[in-house]
Structure formats: C-alpha cells, structure tokens
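Student: here you go, sequence then predicted model.
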Amino acid sequence: MSESFDSVLTLAAVSPYGTLDLGQARRWGYGFDPDRAMTWNETGEPEGRAVRPREYEVLQSFGAVDGAATVVNGRKVPKGGCTAQASRRLAGDLAKRTSTWAYVPERSQKIDKAVAEDRRVRRVFGDWSRCVEDKGFKRYDSPTAAFRDKAWRKGAEDGNTNHTKRELGTAVADVECNRKLNVAGVWWAVSNEKQRADLRREPSRYEAVRADQDRLRDAIRKALGES
C-alpha cells in the first residue's frame, strides 16, 4: 500500500476511538470517497520539476565509492548529504539523542496498551461487541478490530475498501452502538486519565522532550531568519 493511501486510510478512521460519522459509514463503510482521495493526491504533490538523480546524490550522499565522499563540481558533499548537514545544523546535539523523537511515541504505545486492558474500557467494548452482534453482524473485540477487518479490503489495490453491503451494515452498526453506549467517551476519558498520570509520574522526562523541541524550533526560526 502506498504512503498516500496509508494517509487517506488514517483520515478515514476519523479518530483513535473508531468510526464516528454515521453518514460516512452509510456511504463508504470503513473506506473513503475515491474522488476525495484523488483530490488529496493532486493537491499533496509538490510543485515544480522532479529532483534529478544527480541532485539526489547531493541531498542524500548517494554514489560514494569505498567510503569516499561524493564530489560534485569539485566540492565534497557533507557526510550524509546536504539533508543530513541541515539536520545537524538544526538539531545540533539532538541528532545524537532519541528523546525528542522516540520517548513520547514509546510512552503512547504503553499507555494505549494500559487503556485497552482497563476494566472500564474492556466492559464498554464488551457491551459494544454484543450490540453490533445483536444487529446481525460479526462479533469484534473493539471498534478498531472492526475497522481493520481484512475482509473489507480483500482484493482492493488502492487501499480503499470494497463497500460491500456487509461492510456498510457493520460500519453503521458500529457507529450506532458507539453512540448508544458512549464508547468513544469512555475510551477517551480513560486515555486522558492515564496520560495525565504518566505526565505526573515522569515530569522531568517530558520536560526534557519539550526543552529539546523548543531548541529545535528556535534553530528553525533562526535558519528562516525569523528571529
């Protein structure tokens, strides 16, 4: 699946708490409007000509032989290319760290796991699952599991779903049960609770990440001549 359609699928999910738009569910199920996706692809492409192979060598330092630096017009390309040099200039010592980029995503994964195991979330997921099943559709463990059912995208090559009657019906039942049982509300409240608890537990780690990001933003503003 291409990166662009990955992005469209992310948009189609609406939120981390499942598909919430009843109109979207009725028309497109767990997929998306292909015309809208095409418009996104067209507007998302950069303007101007494509980067030439030789220019890629300079940007990424491709083409070096036996560890030697790439040379263009008599000048050595910086290690890692101009892209890497720009990152070092902006990030400085941050280029040697992982806290700015990795800490929060790692904590988010652990928090998401804790949320999924929380008894309140398990209970509302169970109620939602029975509700969808009572409407005549397959029993899923969670709204996320319903959205990710491989049956919806079987044979589709563009990242979209097949919009079958079964898919549309399941998506509608999903939204109706979500609304009836306030699944998204419970899910969000538990997530918010555990995120705040993690912030209180590790304030110095989060403050360090924020400080790193502030330094990076300041370097970017200086590079753009904005400060």
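Tutor: Arrived safely.

Student: which strands or helices does the host helix or strand of residue 55 pack on?
Tutor: Element membership for residue 55, per DSSP states H and E: helix 53-60. Using 3 or more C-beta pairs under 8 Å, 6 or more residues apart in numbering; DSSP states H and E, the elements in contact with helix 53-60 are strand 71-72, helix 81-91. In short, each C-beta sits where N, CA and C put it, glycine included.

Student: buried ones in that helix, by neighbour count?
Tutor: For helix 53-60, burial by neighbour count (16 or more other C-beta atoms under 10 Å) applies to 57-59.

Student: looking at the protein, which helix or strand does the model trust least?
Tutor: Lowest mean confidence among the helices and strands of the chain (mean pLDDT, DSSP states H and E): helix 3-12, at a mean of 39.

Student: where exactly do the helices run in the chain?
Tutor: Taking DSSP state H, the helices of the chain run over residues 3-12, 22-28, 34-44, 53-60, 81-91, 104-117, 119-134, 143-147, 165-181, 183-201, 203-223.

Student: state the mean pLDDT of the fourth one.
Tutor: In other words, helix 53-60. The pLDDT scores in helix 53-60 average 79.

Student: hmm, residue 103 is touching residue 209, no?
Tutor: Yes. Counting by C-beta atoms under 8 Å, residue 103 does reach residue 209; the two are 5.4 Å apart.

Student: tell me the confidence at the residue of the chain most remote from its centre?
Tutor: Note on the chain: the largest C-alpha distance from the chain mean falls to residue 74, namely 41.8 Å (C-alpha atoms, centre = their mean). We have a pLDDT of 77 for residue 74.

Student: I appreciate the help and will end here.
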